[in-house]
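Q: pasting the structure only:
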Ligand SMILES: NC(=O)c1ccc[n+]([C@@H]2O[C@H](COP(=O)([O-])OP(=O)(O)OC[C@H]3O[C@@H](n4cnc5c(N)ncnc54)[C@H](OP(=O)(O)O)[C@@H]3O)[C@@H](O)[C@H]2O)c1
């Protein structure tokens, strides 16, 4: 099972440089409640950005896969993925894809579940989630707050 989890604004914006364009604590707590201790896949940019926040503390996941096309890149405690498509095709794990923009785009065709936090409002940035064909998914859960509409979509 492959789940993508992300937050985006009304224009599909997900990032500004190596940062998230907003700071919404309730969404961060929601994200953590889903991904803590889980097997996650992320791109190397997102990994280094998270390391910047966590500094010497371990990242709060179970197994961590980091995708890169830099075959010389090795990170302690992390499994490197150099061929992302074949990894996704052969995945048997309960895998959470946690970004960033490039990795979401490549992973989207393989996603069984989309955990989308629709952040209300418009922000500035330069990394976008691709267009999603929602006819391929069913909305199975949602929770609306002042700041965010939390949703779960499952593939038909
Ligand atoms: N809003 C959210 O929920 C959310 C969540 C996470 C991250 N983000 C944001 O997303 C942004 C980062 O996204 P990003 O696209 O810059 O970086 P990224 O997705 O974290 O990492 C992309 C990396 O994947 C590598 N890659 C590309 N194709 C590959 C393939 N076929 N196999 C293996 N590796 C491959 C690229 O290598 P090369 O560099 O060598 O091309 C690149 O370094 C930041 O702004 C971050 O804040 C947002």
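A: The structure has been received and is ready for your questions. These figures come from a predicted structure and were not determined experimentally.
Q: got the residues of the protein near the ligand?
A: 6-8, 14-20, 42-46, 49, 67-70, 81, 84, 98-103, 106, 127 (CB under 6 Å from any ligand atom). To be clear about C-beta, it is placed using only N, CA and C from the backbone, and glycine gets the same treatment.
Q: Let's check: the centremost residue of the chain is which one?
A: residue 98 (2.3 Å; CA atoms, centre = their mean).
Q: so who does it touch?
A: Counting by CB atoms under 8 Å, 6 or more residues apart in numbering, residue 98 touches 5, 6, 35, 40, 41, 42, 46.
Q: Could you export the residues you listed as a markdown table, including neighbour count, secondary structure and pLDDT?
A: Listed next are the contacts of residue 98 as a markdown table, based on neighbours: other CB atoms under 10 Å; DSSP: H, G, I helix; E, B strand; the rest coil; pLDDT from 0 to 100:
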| residue | neighbour count | secondary structure | pLDDT |
| --- | --- | --- | --- |
| 5 | 21 | strand | 98 |
| 6 | 20 | strand | 98 |
| 35 | 19 | helix | 98 |
| 40 | 26 | strand | 98 |
| 41 | 26 | strand | 98 |
| 42 | 25 | strand | 98 |
| 46 | 22 | helix | 97 |
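Q: Can you tell me which of those is nearest residue 61?
A: Residue 61 lies nearest to residue 40 out of the contacts of residue 98, by CB to CB, at 4.7 Å.
Q: Can you tell me the closest non-neighbouring residue to residue 42?
A: Counting by CB to CB, 6 or more residues apart in numbering, residue 98 is the residue found nearest to residue 42 once chain neighbours are left out, at 4.9 Å.
Q: Dihedrals phi and psi, the one you found?
A: When read as degrees, to the nearest 10, the backbone of residue 98 gives phi -120, psi 20.
Q: Alright, that wraps it up for me.
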